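**Q** here you go, sequence then predicted model.
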Amino acid sequence: MLVTISRQDAHTARLMGLDTVKLVEMQGVSPRLENKSQSRQEANIWGFKAEFAVARLLNTELPIVNVATDGGVDLWFDDVSIDVKFSNKERGPLIFDNIEKFQADVAVLVGRTDKENTLRINGWVTKDRFAEEAQTRDFGYGPRLKMEVGDLDPIESMWRRLMARRFRYNKHV
């Protein structure tokens with residue numbers, strides 16, 4: 001699903017991305033980045049754009065800047081925690097360093113398109129399913145867990161399950 005965020009959301013994402021890096025630098029820490037073709041600022045800006053796209057689609061509260069950590073949770077839909085993962089590739093894959101880094105209930109994968117404020121929401125997966133089905137791969141800096149876009153559930157099914165949970169009081173995602 002393609003989602004175009006507003007100019008205002010894109011502007012806010014830019015400021016949040018720049019502020020995040022500045023806060024890290026003010027703490028005397030060098031921001032981590034394993035992608036040599038992109039600055040840490042640009043990576044953070046795109047990450048926040050992805051969070052805005054998912055927040056707007058699911059009508060959640062908007063993302064915020066967290067100084068220390070977000071605890072692996074970017075957004076909340078009622079009591080369901082969501083980790084929004086961004087890929088510079090339009091169609092993934094979804095990657096976590098290890099299963100302990102997957103701290104939310106679900107992850108949503110968002111990919112970059114060739115349009116500045118349009119992002120592709122590729123799908124979603126629960127933590128339990130990711131733990132069972134993810135494959136190990138070394139991208140050049142140690143083993144990571146990954147899941148291809150085709151193995152994710154479509155975002156429409158997540159919305160349906162969240163609505164069912166909200167209106168039927170079903171406690172499981």
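**A** Received, thanks. Numbering: from 1, shown residues only.
**Q** what residues are up against Met158?
**A** 106, 108, 124 (CB atoms under 8 Å, 6 or more residues apart in numbering). (Each C-beta comes from the backbone N, C-alpha and C, glycine too.)
**Q** for the helix or strand where it lies, buried residues please.
**A** Using DSSP states H and E, the element containing Met158 is helix 155-168. By neighbour count on 16 or more other CB atoms under 10 Å, the buried set for helix 155-168 is 155, 158-159, 161-162, 165.
**Q** ok, the contacts of Met158 vs Phe48, which is closest?
**A** Proximity of these to Phe48 (CB to CB) peaks at Val108, which lies at 14.0 Å.
**Q** which one is Gly47 nearest to, not counting chain neighbours?
**A** Phe86 (4.9 Å; CB to CB, 6 or more residues apart in numbering).
**Q** which residues touch that neighbour?
**A** Per CB under 8 Å, 6+ apart, neighbours of Phe86: 46-47, 49-50, 110-112.
**Q** rerun at 7 Å
**A** By CB atoms under 7 Å, 6 or more residues apart in numbering, Phe86 lies in contact with 46-47, 50, 110.
**Q** with Val73 instead?
**A** Taking CB under 7 Å, 6+ apart, we find Val73 in contact with 81-83, 103-104.
**Q** got the end-to-end distance for stretch 24-44?
**A** End-to-end distance for stretch 24-44: 12 Å, by CA to CA, to the nearest Å.
**Q** for that stretch, the distance to its chain's centre please.
**A** In this view, stretch 24-44 has its centroid 17 Å away from the chain centroid, taken as CA atoms, centre = their mean, to the nearest Å.
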